[in-house]
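Undergrad: I would like the atomic coordinates for the input below:
(one chain, ligands or ions: 1)
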Amino acid sequence: MKELSKRVLELFPSPTLSISAKARELRKRGERVIGFGAGEPDLKPPEILKECVIRALKEGHDKYLPSAGIRELRELLSYSYQRRGVNYGPEDLVITGGAKLGIFLVLLALIEEGDEVLIPSPYWVSYPVMVKLCGGIPKFIDLKEEEGFKLTYEKFLEKVSPKTKLLIVNSPNNPTGALYDREELLKIVGFCKERGIWVLSDECYENFVYEGDFFNLAKGFEENVITVSSFSKSFSVTGWRLGYIGAKGEIVKKLLSLNSQTLSNATSFLQYAFYYFLKEEEEVKKYLEEVKRTFKRRRDLVVSLLSEIEGISFVKPEGAFYVFPDLSRYYEDDLTLSELLLEKEKVALVPGTPFGARGRVRITFALPEDEIREGVGRIASFLLDGGGKGSL
Ligand SMILES: Cc1ncc(COP(=O)(O)O)c(C=O)c1O
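TA: Model prediction:
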């Protein structure tokens, strides 16, 4: 047989998905695993959304659709963006198979062999992998815990170069929970606009903000900021694979062609279901407010529990649903630590290394409060009882 492509030689499965798979296996064997690993909310999707899916199925929306997605849904999304001051018309939006595919399509449309892509670090595991698949070179902007893991104009200037094609911004952030400062981002995006640098704003966690306000980066910068967002996290439907891209100009046509030549269209009946559901504005608002309240309580709980463990440090998350503590004073090797925690304590979490931060772990606080208590308790006793070989 001839060889596999060079492109996939270094490719590995997403570590966040692998850890969830391992946890599922253990659960199947009857173990009580505390699942801090998955990057998804544990809540149920809105009941009315499920009814909308059934309605869409019964109506027979089974066939191929326009690649951009149904006009009705794009109109609703456009309306929502316009209300927030972002000038995306329905023709500027492409519905795709989750934000993940959306990000990949944007990178395919922009990145040429040797282009540099700036990625604030810690970062979502898939960014550098996807950039490399497209022939680009990831350049990391190292963010510090002491600075709340926030991207600043100064830090951006240190890394930007004539080869920079694109900057990826993810705020609220996975894995740090940081919400970047608006003024800093505006300076960065202004600079990028002047120099013709694209910005990809990954806004998957836009509805998970506990401190301060979320703002859409493309507002006033629609020409050089491409927005990617998703229904996955907001409505607890990560498995449905529905997301969207907002962009202006020539690139939209190319994104559309990429969508059309790869996916054809995002799942037909789910597009109709979201169209019916999003029209129920009051229901949508009520659901999202409840989600936010629940997650804020959980955030406060996990922060207070972690604060009691001596020798670890972390930043209080302002958004998303992750906390990213540094456990290196107990255990430098986060990969082994995560394996031991799963094996010995039946706690699933994701090591920090794949996010660009050795010695840390990512804890998802998307689970009931009693499980958060128990899970952090198990981690604490493992570390403090010397399970962590290099304990304090
Ligand atoms: C930062 C970030 N971007 C994108 C995604 C992908 O989301 P989706 O389910 O819409 O593909 C995730 C999911 O974990 C994420 O954390």
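Undergrad: tell me where the stretch 151-300 of the chain has helices.
TA: All helices of the stretch 151-300 of the chain, identified by DSSP state H, counting those that start in this stretch, fall at 153-159, 182-195, 250-262, 268-279, 281-307.
Undergrad: show me what the first one is packed against.
TA: Helices and strands touching helix 153-159, as assessed by 3 or more C-beta pairs under 8 Å, 6 or more residues apart in numbering; DSSP states H and E, comprise strand 116-121, strand 137-142, helix 182-195. Any C-beta I mention is one placed from the backbone N, CA and C, and that applies to glycine too.
Undergrad: mind listing what the residue in the stretch 251-392 of the chain that the ligand sits nearest to touches?
TA: Here the stretch 251-392 of the chain gets closest to the ligand at one residue, residue 320, 7.6 Å apart by C-beta to the nearest ligand atom. Shown in contact with residue 320 (C-beta atoms under 8 Å, 6 or more residues apart in numbering): 172-174, 177, 205, 208.
Undergrad: thinking again about what came up before, and the helices and strands packed on helix 153-159: which comes nearest residue 274?
TA: Closest approach to residue 274 among the helices and strands packed on helix 153-159 (C-beta to C-beta): helix 182-195, 28.4 Å.
Undergrad: can you list the buried residues in the closest one?
TA: 184-189, 191-193 (16 or more other C-beta atoms under 10 Å).
Undergrad: between those residues, which sits nearest residue 286?
TA: Nearest to residue 286 among the buried residues of helix 182-195, counting by C-beta to C-beta, is residue 185 at 30.0 Å.
Undergrad: per-residue confidence for that closest one?
TA: Residue 185 carries a pLDDT value of 98.
Undergrad: can you list the residues of the stretch 51-200 of the chain near the ligand?
TA: Residues of the stretch 51-200 of the chain lying near the ligand by C-beta under 6 Å from any ligand atom: 98-100, 124, 170, 174.
Undergrad: pLDDT added to those, as TSV?
TA: As requested, these are exported to TSV (pLDDT from 0 to 100):
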residue	pLDDT
98	97
99	98
100	97
124	97
170	98
174	98
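Undergrad: quick check: the gap between the residue in the stretch 1-150 of the chain positioned nearest to the ligand and residue 335.
TA: Nearest residue of the stretch 1-150 of the chain to the ligand, counting by C-beta to the nearest ligand atom: residue 98, 2.8 Å away. To residue 335, residue 98 is 27 Å away according to C-beta to C-beta, to the nearest Å.
Undergrad: ditto for residue 237
TA: Separation of residue 237 from residue 335 (C-beta to C-beta) stands at 31 Å.
Undergrad: more neighbours: which of these two?
TA: residue 237 (24 against 15; other C-beta atoms under 10 Å).
Undergrad: quick check: closest non-adjacent residue to that one.
TA: Once flanking residues are discounted, residue 237 sits nearest to residue 45: 5.1 Å by C-beta to C-beta, 6 or more residues apart in numbering.
Undergrad: and the one you found, how close does it get to residue 88?
TA: From residue 45 over to residue 88 (counting by C-beta to C-beta), the distance is 25 Å.
Undergrad: so for the two, which sits in the more crowded spot?
TA: Set residue 45 next to residue 88 and count neighbours by other C-beta under 10 Å: residue 88 wins out with 25 against 19.
Undergrad: give the contact list for the more buried one.
TA: Applying C-beta under 8 Å, 6+ apart to residue 88 gives the contacts 77-78, 81-82, 218, 222, 227, 246, 248.
Undergrad: how about 7 Å then?
TA: 78, 81, 222, 246 (C-beta atoms under 7 Å, 6 or more residues apart in numbering).
Undergrad: the last one and residue 94 touch, don't they?
TA: No - the criterion here is C-beta atoms under 7 Å, and residue 246 misses it with residue 94 at 8.2 Å.
Undergrad: please name the nearest non-neighbouring residue to residue 85.
TA: Closest to residue 85 by C-beta to C-beta, 6+ apart is residue 219, at 4.6 Å.
Undergrad: what's the burial count for the nearest residue to residue 177 once chain neighbours are set aside?
TA: Using C-beta to C-beta, 6+ apart and skipping the chain neighbours, the partner closest in space to residue 177 is residue 317 (2.3 Å). By the criterion of other C-beta under 10 Å, residue 317 has 28 neighbours.
Undergrad: likewise for residue 250?
TA: 9.
Undergrad: next: the one 10 residues further on.
TA: The number of residues packed around residue 260, counting by other C-beta under 10 Å, is 14.
Undergrad: residues contacting it?
TA: Counted by C-beta under 7 Å, 6+ apart, residue 260 has contacts residue 67.
Undergrad: let me know the pLDDT of it.
TA: The model's pLDDT for residue 260 equals 95.
Undergrad: quick check: it vs residue 243, distance?
TA: Counting by C-beta to C-beta, the gap from residue 260 to residue 243 is 16 Å.
Undergrad: A helix includes residue 22, no?
TA: Yes - if the criterion is DSSP: H, G, I helix; E, B strand; the rest coil, then residue 22 is within a helix.
Undergrad: ok, of the contacts of residue 320, which one's closest to the ligand?
TA: residue 174 (3.8 Å).
Undergrad: just the CA atoms of the helix or strand in which residue 94 is found, as PDB, please.
TA: Residue 94 belongs to strand 93-96 when assigned by DSSP states H and E. In PDB, the C-alpha atoms belonging to strand 93-96 read as follows (Å, rounded to 0.1, in the frame of the first residue of the first chain):
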ATOM      1  CA  LEU A  93     -24.300  33.500   7.400                       C
ATOM      2  CA  VAL A  94     -23.500  29.900   6.700                       C
ATOM      3  CA  ILE A  95     -25.100  27.100   8.800                       C
ATOM      4  CA  THR A  96     -22.600  24.200   9.200                       C
END
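Undergrad: and it, which strands flank it?
TA: Using DSSP bridges, strand 93-96 pairs in its sheet with strand 243-246 (antiparallel).
Undergrad: near the ligand at all, the partner strand?
TA: Yes - using C-beta under 6 Å from any ligand atom, we find that strand 243-246 touches the ligand at residue 243.
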